[in-house]
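> how would this look folded up:
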Amino acid sequence: MQGNSSFDATRWTLVQRAKDANVEEAQEALNALCSMYWRPLYAFARGYGRSMEDAEDVVQGFLAKGIEKALFSAADQEKGKMRTFLLTAFKRYLRDEHVKAFALKRGEGKVDTMDVAAEEARWADEDATDPTMNFDKRWAIIVVESAREQLEKKYQREGKLDLYLALSASLTGEMDEGYQEVADRLDVSLSAVKVGVHRLRKRFGEMLRAEIVETLGEGEDPDQELRYLIGILSD
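Below is the predicted model:
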C-alpha cells in the first residue's frame, strides 16, 4: 500500500509523519488525514443539530485548530481505534465551542476536498437521530472507498485495469452485463471471467481488512471491526 502520495501511506504512518516529520511533510500528512476524515465529522455535526452552514464551519474550525495544534500528535496506536480517538476529540471540541460565537473565515484552514453539497445530499437520506451512528457509517464508507481505490491501483499496476472496470460492479451487487457479455467484450473465456470475479472479491476482502487494520489500535480484532462496519452499511 505504499506509494508516492500521502494517500497511499497507511493511516498510522500518516499520523507518525504528522508527529515526527519535517514541517512540510508533517503538513502534507495532516492535510491528507483531514481530507480523509472530514465527512464523518460533518455527518456527526449535522446529526448533533448543527445547520448545514454551521456544520461546515465547525468541521473546518476543528480541522484548522487540529492542524494548528497538531491534533493527531495525540493519536497513539497503542491506545485504540483512530475512529474513537477522532470522534472523542471532535465531541470535546463541540462541547468547548458551543458557548462561543464563532465563524471560520472562508478559506482559512480550509480542507480543499470538502464537497459539502454532495455530503449534505447523502446526509439528508440518513437517520438524523443518532449522530454517532452517522459518524460510524460515514467512516465505514471511507474504509470501503479506500479499499476499492487501492484495489483499482493494484489492477492498474498489473496492466489489468480493463478487467477491474468490467468486473468491479460485482463487489457491491450484480453487474449490468452478464458474464458471457463481459467475456465477449474482453475477448476472454467465460471461465476466465468467473475466475476473475472470484479473485477480485477475494482481493477486495483482503484490501478491506488491511484498511481496517490501519485504523485500529494494537491488539484490537480487525474481524470484529469489519463485522461492525459491514453491519452499519447493511442497515
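
> Just after the helix ranked longest in the chain, pick out the following helix or strand.
Secondary structure assigned by DSSP state H gives helix 131-157 as the longest helix of the chain. Counting by DSSP states H and E, the element after helix 131-157 in chain order, helix or strand, is helix 161-167.

> following that next one, which helix or strand shows up next?
Using DSSP H and E, the helix or strand that follows helix 161-167 towards the C-terminus is helix 179-186.

> what mean pLDDT does the next helix or strand after that next one have?
Once helix 179-186 ends, the next helix or strand along the chain (criterion: DSSP H and E) is helix 190-213. Helix 190-213 carries an average pLDDT of 93.

> If you count neighbours, what's buried in stretch 178-197?
Within stretch 178-197, the residues scored as buried using 16 or more other C-beta atoms under 10 Å are 179, 182-183, 193, 196-197. All C-beta atoms are positioned from the backbone trio N, CA, C, and that covers glycine.

> Among the residues you listed, find me the one that's closest to residue 92.
Among the buried residues of stretch 178-197, residue 197 lies closest to residue 92 (C-beta to C-beta), at 45.4 Å.

> List the buried residues in the longest helix of the chain.
Neighbour counts using 16+ other C-beta under 10 Å place 131, 133-144, 146-148, 150-151, 153, 155 of helix 131-157 among the buried residues.

> other SSEs contacting it?
helix 23-47, helix 82-97, helix 161-167, helix 190-213, helix 222-234 (3 or more C-beta pairs under 8 Å, 6 or more residues apart in numbering; DSSP states H and E).

> quick one, which of these is packed in tightest?
Across those, averaging neighbours per residue (mean count of other C-beta atoms under 10 Å) puts helix 23-47 on top, at a mean of 21.

> What's the mean pLDDT across the longest helix of the chain?
Rounded mean pLDDT across helix 131-157 is 90.

> between it and helix 222-234, how many degrees?
Orientation check (axes from the mean of the first three to the mean of the last three C-alpha atoms, to 10 degrees): helix 131-157 against helix 222-234 gives 110 degrees.

> Quick check: which ranges of the chain have low pLDDT?
The chain contains residues with pLDDT under 70 at 1-27, 29-30, 33, 66-80, 97-114, 122-129.

> the inter-axis angle of the longest helix of the chain versus helix 190-213?
130 degrees.

> my guess is residue 130 contacts residue 48, does it?
No - with contact defined as C-beta atoms under 8 Å, residue 130 does not count as touching residue 48 (10.4 Å).

> ok, the two, which is more surrounded?
residue 48 (19 against 13; other C-beta atoms under 10 Å).

> In contact with the closest residue to that one other than its chain neighbours, which residues?
Distances taken as C-beta to C-beta, 6 or more residues apart in numbering place residue 131 nearest to residue 48, at 4.7 Å, with adjacent residues excluded. Counting by C-beta atoms under 8 Å, 6 or more residues apart in numbering, residue 131 makes contact with 43-48.

> Return the member of the residues you listed nearest to residue 172.
Closest approach between those and residue 172, by C-beta to C-beta: residue 43, at 20.4 Å.

> in terms of contact, does the closest one touch residue 135 like I think?
Yes - between residue 43 and residue 135 there is a contact at 5.7 Å, judged by C-beta under 8 Å.

> What is the neighbour count of residue 63?
By other C-beta under 10 Å, 26 other residues sit near residue 63.

> Show me which residues of the helix or strand where it lies are buried.
Element membership for residue 63, per DSSP H and E: helix 52-68. In terms of neighbour count (16+ other C-beta under 10 Å), helix 52-68 has its buried residues at 52, 55-67.
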